[in-house]
Structure formats: C-alpha cells, structure tokens
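Undergrad: make a model of this:
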Amino acid sequence: MPIPILDDIAAARRTILRRTPLDEVEAPPELLDSIARIFGERLTPAQAVERIIADVRARGDAALQEWGERLDGYSGPLAVPPERLAQAAANLDPALLEALQLAASELERFHRRQARNSWVDFGPEGALGQLVVPLARVGIYAPGGSAPLPSSLLHAAIPARVAGVEEIVVCSPPQRASGEIAEVVLAAAHVAGVSRVFRLGGAQAIAALAFGTDSVPQVDKIAGPGNLFVVLAKRAVYGVVGIEALPGPTETLVIADAQADPR
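TA: Numbers count the residues shown, from 1 in each chain. The predicted structure follows:
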C-alpha cells in the first residue's frame, strides 16, 4: 500500500484529520469480496460481525471452532497450556525479553501511582464515601496475526494486575503458518502474569469473552485493540460487558522539510 504524501493543510484536513463514524467506514472491495466468499452473500462488516456474535452466543465452542477454521485456518485446541507461556519467554531472544520486562516494570510503576483508594467519611448524619473494587475477571484482545503486538498486551494486562483483578484472560489469533500464537505475545503474557490464553481472534474472540462458552470464561470488561471486525464486535457487546475504548487505526506521521524529497 503506497504511503500518502500530503503537500498542504487542506489535504491533511480531508484525510488524516477527518473522523469517520464506524458505520460510515468504506470497506475496500477486496474485503467485501472476502466476506461474500465466507458468508455466501454480500454483507457489510457490521452485518458479518453480528452473524458471528449471534452464532457464538447460540453454539459456544462449536461456533468458535468453525469460525476459527474458516477465518484463521485453525481447528485445534482453543486453550494454550499454561507451561507454554514460560516456555515462550525462555525461548525468546534475551534482549527482547529484557525489553518486555523493562516495559512491564515501567508500566507497573506508572499505574501504581495512578491507583485510586477507597475512602469513607463518618459524620453525625451517617457515612459517605467511595469504594474502589477491582473487577473479578478481565478479557484482553492481543493482535497476533500478521502484526503481533506484545506491547498492547502489556498496556492492558499490567493495569489490570495492579488494580487487583483476580483473573486476566487473553485471546490472540493463531498465525496461519504455525497454528500457534506468536511466541512474543505468549512471552508478554508470561511477563504480565496473565491467567489464561486462548487461540482466538476476530469477532468470535470478543463474543466468547462477552458471553462465555464452555471453554472461554465470561469476563466483566474487554480491553485491547484490533482490526475493524474486532472494534465492531466490541461496540456490539458493549452493555453486556464493559469496554475500554473503540481504538481506530494507528496513525503515523512523517514530517519532511524543504530539504527532503518524499517522492
């Protein structure tokens, strides 16, 4: 995909500064063609997500297995054995593991200062205050297909751990070549102290976390970025569970002065 070159402010306002509602996002023709091949009819991304969520809610693990095979080419076990997390960390390049550990340490230091405490004031008319209680179980979506993002996992899991969340559940899509979650994502899960990891991606992962299945526990809140289908799924299940945000695509801007020729 070519990198857009913007020569003036007007062009920037028409492109990178424009905010398009999710329902108005124009899906590329190749994406719509792919949806048509999978579903056997022309659907918008939002309609495809609704179908997947309804199926997972109705059929649980059986739907997860079928959608995993159709969308990710994976039909194996959903749960990652706990020992695989430590194994992935042990097999990781030492410099990369050290970077993950440093990032986790800095994130923990930051979020410990951010934490809010409960307080109660007692007076002649009674007591008033605020109780700050951690959620029991949180789900995290960690992108892991063509672009594994261990940093996203750390940024979601470390605050949950600092807050005192009892169980942190991670879903990440398996890579097509190996059928496994990227090693760096598994290593990050180990560093972050994650409770359980599942080989699940896309809208089906969000549906599983929101409604629960025999294998995947229902969570109280879902965090983490993803592609258009993940974001649409998070929006669809909001109210059933909490969500932290509807993250859009990453925006990277390179500014060149008169001495640089971007062409």
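
Undergrad: could you use CA atoms for every contact and neighbour count after this?
TA: Will do.

Undergrad: pLDDT below threshold where in the stretch 1-150 of the chain?
TA: 1-2 (pLDDT under 70).

Undergrad: now the longest helix anywhere in the chain: buried residues?
TA: Identified as the longest helix of the chain according to DSSP state H is helix 94-114. Within helix 94-114, the residues that count as buried by 16 or more other CA atoms under 10 Å are 97, 100-101, 103-104, 107-108, 111.

Undergrad: need the residues you listed in a markdown table (columns: distance to Glu41).
TA: Converted to a markdown table, these look like this (distance: CA to CA, whole Å):
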| residue | distance to Glu41 |
| --- | --- |
| Leu97 | 45 |
| Leu100 | 44 |
| Gln101 | 47 |
| Ala103 | 45 |
| Ala104 | 45 |
| Leu107 | 45 |
| Glu108 | 47 |
| His111 | 47 |
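
Undergrad: just flag the most distant two among the residues you listed.
TA: Leu97 and His111 (21.1 Å; CA to CA).

Undergrad: can you pull out the low-pLDDT segments for the stretch 151-263 of the chain?
TA: Ranges of the stretch 151-263 of the chain meeting pLDDT under 70: 249-252, 262-263.

Undergrad: hmm, back to that, can you show me the CA trace of the next helix or strand after the longest helix of the chain as PDB?
TA: As assigned by DSSP states H and E, the chain's next helix or strand after helix 94-114 is strand 119-123. Provided in PDB are the C-alpha atoms of strand 119-123 (Å, rounded to 0.1, in the frame of the first residue of the first chain):
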ATOM      1  CA  TRP A 119     -12.500   6.400  51.300                       C
ATOM      2  CA  VAL A 120     -15.300   6.800  53.900                       C
ATOM      3  CA  ASP A 121     -16.200   9.800  56.000                       C
ATOM      4  CA  PHE A 122     -18.200   9.300  59.100                       C
ATOM      5  CA  GLY A 123     -20.400  12.200  60.400                       C
END
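
Undergrad: and strand 119-123, what other elements does it pack with?
TA: strand 126-130 (3 or more CA pairs under 8 Å, 6 or more residues apart in numbering; DSSP states H and E).

Undergrad: so which of the buried residues of helix 94-114 is the closest to Leu253?
TA: Distances from Leu253 to the buried residues of helix 94-114, taken by CA to CA, are shortest for Ala103, at 23.8 Å.
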